[in-house]
Structures are given as C-alpha cells and as structure tokens.
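# What follows is a predicted structure for the sequence shown.
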Amino acid sequence: MRREAVAPRPGWQNKLEQLGFDYYVMDGKPYWTEQSCYAFSSEEIDQLEAATEELHGMCLKAVEHVVSSKLWERMRIPPVWGDYVERVWRRSDPTICGRFDLAYDGNGPPKLLEYNADTPTALYEAAVVQWYWLKDVKPEAEQFNSIHEKLIDAWRGVLGRLPPEGLVHFARFEDHPEDLATSEYLRDTALQAGLAGKPVTVPQIGWDGKRFTDPDEVPIQVLSKLYPWEWMARESFGAHVLTDTTAFLEPAWKMILSNKMLLPLLWEGFPGHANLLPAFDSEHPDLGRAFVKKPIFGREGHNVTVVGPGVFDTAGGDYGREGFLWRAYHPLPVFDGNHALVGSWVIEGKPAGIGMREDERRITHNNSRFVPHYFT
C-alpha cells in the first residue's frame with residue numbers, strides 16, 4: 001500500500017461535472033483530488049475484502065444478541081421501538097448498503113473504527129467517479145469496485161418482494177449536495193434494476209392518518225432515506241413508523257449497527273479479535289494512555305477527541321447528549337503528511353469495494369479528501 005503522485009487528467013473538472021459530480025470542492029477546499037492516488041497489491045485487497053466480510057458477519061450476530069436480549073436502553077434505542085426493530089429483523093427486511101471505516105496500512109490486519117450502516121455517503125464517488133478515473137489514468141490496472149453491479153442486483157432483490165406496481169420513494173435533503181447525489185445515484189441504480197423510483201424531500205413527507213404519503217398524496221410503500229434512525233426515533237412524527245405501513249431502506253434493525261455502542265458490544269462478544277480494537281462504554285484501564293472518545297450518536301467526525309502521549313486532537317459539534325464511548329487509539333497510516341482512511345463498502349451484506357479518504361488531521365470529517373485507488 002502506497003500513495004502515488006499522478007498527473008490530473010486534462011479538463012478533469014469538466015469530466016467530473018459530466019458525471020454529475022459537481023461537489024469536488026466543498027467549503028472552498030478540494031474534496032476530490034487526482035493529484036495523487038493509493039496503490040494496493042492484490043493480496044492487500046484480498047485482506048480488506050476478507051476483513052469486511054468477517055466484520056459484517058460479526059455485526060449480524062451483534063444484532064441478534066441485542067434483539068434476543070432486548071438491549072434497547074444500552075443501545076440508546078427507545079424501548080417503545082423495540083418490538084418494531086425485532087419484527088423487521090425477524091422477517092429479514094432487506095438492506096442495501098453500509099460502509100466500514102477501517103485503519104489499514106498493509107502491514108497488519110485492518111482495524112474497525114466504525115460502521116456507517118444507516119446513512120453512508122461517499123457512495124457515488126466510490127462506485128462511479130473513481131471508476132472513470134481508473135479507465136482514463138490506469139486502464140491496465142484493477143480497482144476493488146463492484147459497487148455499481150452489486151447495487152443493481154440488490155435492488156432486483158427488492159423488486160422481487162414488491163407487487164408489480166411497487167414504487168420506491170427516495171427521501172433526502174436537496175440542499176446537501178452529497179446527500180442529493182447519493183440519493184439520486186441509489187435511485188438510478190434502482191431504475192436500472194427495473195424499479196419505479198420517485199424523489200421526495202424529507203420535509204415533503206406527510207401522514208394521512210394511516211400511511212406516509214408524498215406531496216401528490218401517493219402512499220409511500222418503500223422509502224429509501226438519507227435520514228438517520230436516531231433522529232426519527234426521537235421525533236413525534238417518527239412514531240408513525242411503528243404502524244409498520246411503510247418499509248424502509250435501510251431497515252430499522254440498522255439502528256443497532258449505526259450507533260457507536262456497537263463497538264463495545266463487538267469487543268465483548270469477540271474479545272481480542274484481530275479486526276477489532278478494545279472499546280468500552282466508560283473509561284477503562286485496558287485503553288492504556290491513548291484512546292479516542294466518540295459520541296454514541298455522532299456524524300462527520302464531530303465531537304471526537306483523540307488523546308495520547310504527544311497526541312491530541314478534538315472536533316467540536318452538537319453531538320454527545322446520549323453519552324460517549326471510549327476506544328483504544330489506533331493511528332491511521334500517514335502518507336506524505338496525510339492520514340489515510342479506508343472506507344469499505346458492503347452491498348446487500350457482501351464486500352463490494354473501497355473508497356479512500358485522507359486528511360492532514362487525525363480526525364476524518366465530512367470534507368476530508370476522496371482519493372481514487374487501484375491495485376495490481
């Protein structure tokens with residue numbers, strides 16, 4: 001694994017815009033860069049793929065443990081939601097995608113930092129944008145990237161569970177460019193699978209007394225949403241979900257995996273596992289002198305603190321009301337002054353590809369650069 005300098009494609013901005021990827025600069029800073037790329041060996045890619053499959057399998061066992069033991073309060077899930085979460089888990093409501101964030105440098109097993117299992121973004125750039133970069137810049141190389149094909153297959157599975165007139169609504173905030181692009185890309189892959197897909201903004205969703213509806217008063221049968229479960233479960237309007245008249249993607253059992261209490265739960269269930277780091281719901285002597293403190297419900301690196309000998313970094317934000325967890329600090333590898341993070345995608349429960357993010361800081365955040373990759 002290494003970071004390489006490469007020449008940007010002539011007219012690369014236009015190439016990105018032709019793909020509908022127009023947020024390559026965010027808040028005045030480059031979000032996409034093709035002045036560099038990450039190179040892997042096929043053996044390293046095999047290791048990342050195997051670790052991703054192993055971790056997802058362990059996460060499914062964690063869901064079963066939470067549901068069977070009714071650990072709603074520990075997972076900060078309102079107990080009134082417990083029966084509904086158990087119901088959608090027992091009937092195997094389908095999942096489309098999730099993203100593991102891994103620390104990996106090619107010299108040891110990948111380590112799980114967190115699982116973005118509910119509303120993962122950076123999907124379009126991982127599935128499509130870096131693929132076109134590969135074809136232009138490294139046409140003889142390979143890329144760990146079957147995300148697009150696996151998404152279409154996953155939607156075909158959803159199609160098989162719907163009546164012939166079945167319609168999937170895609171809810172998002174359209175003033176967030178990355179959320180809009182992610183939602184539209186998911187809708188596009190659903191259309192390619194043969195589904196009917198209709199966009200809707202989150203504030204446009206209504207309730208007619210029996211069903212969720214769109215602005216045209218069409219009942220919402222299936223809703224693909226980029227709106228976190230932990231928000232929905234704490235809003236009065238969200239209580240209508242418990243009528244179970246709309247199916248959701250991602251399903252409600254994903255709220256067990258999308259909050260950071262998953263990390264202590266996995267460490268208890270699989271202590272010492274090569275792909276896990278010690279994690280606890282309070283300060284613990286096994287953490288040693290270096291640790292990361294993270295909010296149980298947190299997003300985009302907000303309210304994360306890194307502490308260790310000669311090491312300190314912290315990020316502000318509005319998260320942490322539900323509490324924090326503590327995880328052993330495992331530094332990201334540094335290449336040319338950049339801390340590199342592997343985002344490993346899971347589509348319908350199977351490893352599907354990676355996207356690389358990098359930042360000068362130790363804490364990866366929403367504007368951390370996306371960098372393409374290849375392997376030989």
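Perfect, I can see it now.
# For the residue nearest to residue 250 when sequence neighbours are not counted, grab the count of nearby residues.
Nearest residue to residue 250, sequence neighbours excluded (C-beta to C-beta, 6 or more residues apart in numbering): residue 118, at 5.2 Å. For the C-beta atoms, the positions are set from N, CA and C on the backbone; glycine is no exception. Number of residues near residue 118 (other C-beta atoms under 10 Å) recorded here: 24.
# Am I right that residue 118 is in a helix?
No - with DSSP: H, G, I helix; E, B strand; the rest coil as the criterion, residue 118 is located in coil rather than a helix.
# Surely it is in contact with residue 257?
Yes - checked against C-beta atoms under 8 Å, the pair residue 118 and residue 257 is within contact range at 7.4 Å.
# and for the two, which residues touch both?
Residues touching both residue 118 and residue 257 comprise residue 98, with contact defined as C-beta atoms under 8 Å, 6 or more residues apart in numbering.
# got the residue ranges for the helices in this protein?
Under the criterion DSSP state H, the chain contains helices at 12-18, 42-69, 82-90, 123-124, 130-137, 147-159, 177-192, 229-232, 262-269.
# from these, which stretch is densest packed?
Highest mean neighbour count of the helices of the chain: helix 123-124, a mean of 24 (counted as mean count of other C-beta atoms under 10 Å).
# Return the distance of that helix from the chain's centre.
Offset of helix 123-124 from its chain centre (C-alpha atoms, centre = their mean, to the nearest Å): 10 Å.
# before we move on, what about stretch 34-44?
With C-alpha atoms, centre = their mean as the basis, stretch 34-44 stands 21 Å off its chain's centre.
# re the thing from before, JSON lines please, covering the helices of the chain and showing distance to residue 107.
Output for these, formatted as JSON lines (distance: least, C-beta to C-beta, whole Å):
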{"stretch": "helix 12-18", "distance to residue 107": "32"}
{"stretch": "helix 42-69", "distance to residue 107": "10"}
{"stretch": "helix 82-90", "distance to residue 107": "37"}
{"stretch": "helix 123-124", "distance to residue 107": "28"}
{"stretch": "helix 130-137", "distance to residue 107": "24"}
{"stretch": "helix 147-159", "distance to residue 107": "26"}
{"stretch": "helix 177-192", "distance to residue 107": "32"}
{"stretch": "helix 229-232", "distance to residue 107": "36"}
{"stretch": "helix 262-269", "distance to residue 107": "22"}
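# Can you point out the buried residues in stretch 1-9?
For stretch 1-9, the neighbour count (16 or more other C-beta atoms under 10 Å) marks 1, 3, 6 as buried.
# Can you lay out those residues as TSV showing distance to residue 297 and pLDDT?
Compiled in TSV, the buried residues of stretch 1-9 are given as follows (distance: C-beta to C-beta, whole Å; pLDDT from 0 to 100):
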residue	distance to residue 297	pLDDT
1	32	97
3	33	97
6	38	97
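# of the residues you listed, closest to residue 263?
Nearest to residue 263 among the buried residues of stretch 1-9: residue 1, at 24.2 Å, using C-beta to C-beta.
# Not counting sequence-adjacent ones, nearest residue to that closest one?
In this structure, residue 1 finds its nearest non-sequential neighbour in residue 106, 3.4 Å apart by C-beta to C-beta, 6+ apart.
# Spit out the contact partners of the one you found.
Residue 106 is in contact with 1, 40, 41, 44, 333, counting by C-beta under 8 Å, 6+ apart.
# looking at the helices of the chain, which is closest to residue 31?
Counting by C-beta to C-beta, and looking across all of those, nearest comes helix 177-192 at 8.5 Å.
# relative to helix 147-159, how tilted is the closest one?
When axes from the mean of the first three to the mean of the last three C-alpha atoms, to 10 degrees is applied, the directions of helix 177-192 and helix 147-159 differ by 60 degrees.
# Helix 177-192 - what's its average pLDDT?
Average pLDDT, helix 177-192: 94.
# With stretch 228-235 instead?
Mean predicted lDDT for stretch 228-235 stands at 93.
# which regions of the stretch 51-200 of the chain lie under the pLDDT threshold?
Applying pLDDT under 70 to the stretch 51-200 of the chain flags no residue at all.
# In strands, which of the contacts of residue 106 appear?
Among the contacts of residue 106, the residues falling in strands (DSSP state E) are residue 40.
# farthest-separated two in the contacts of residue 106?
Pairwise distances across the contacts of residue 106 (C-beta to C-beta) peak at 15.0 Å, for the pair 41 and 333.
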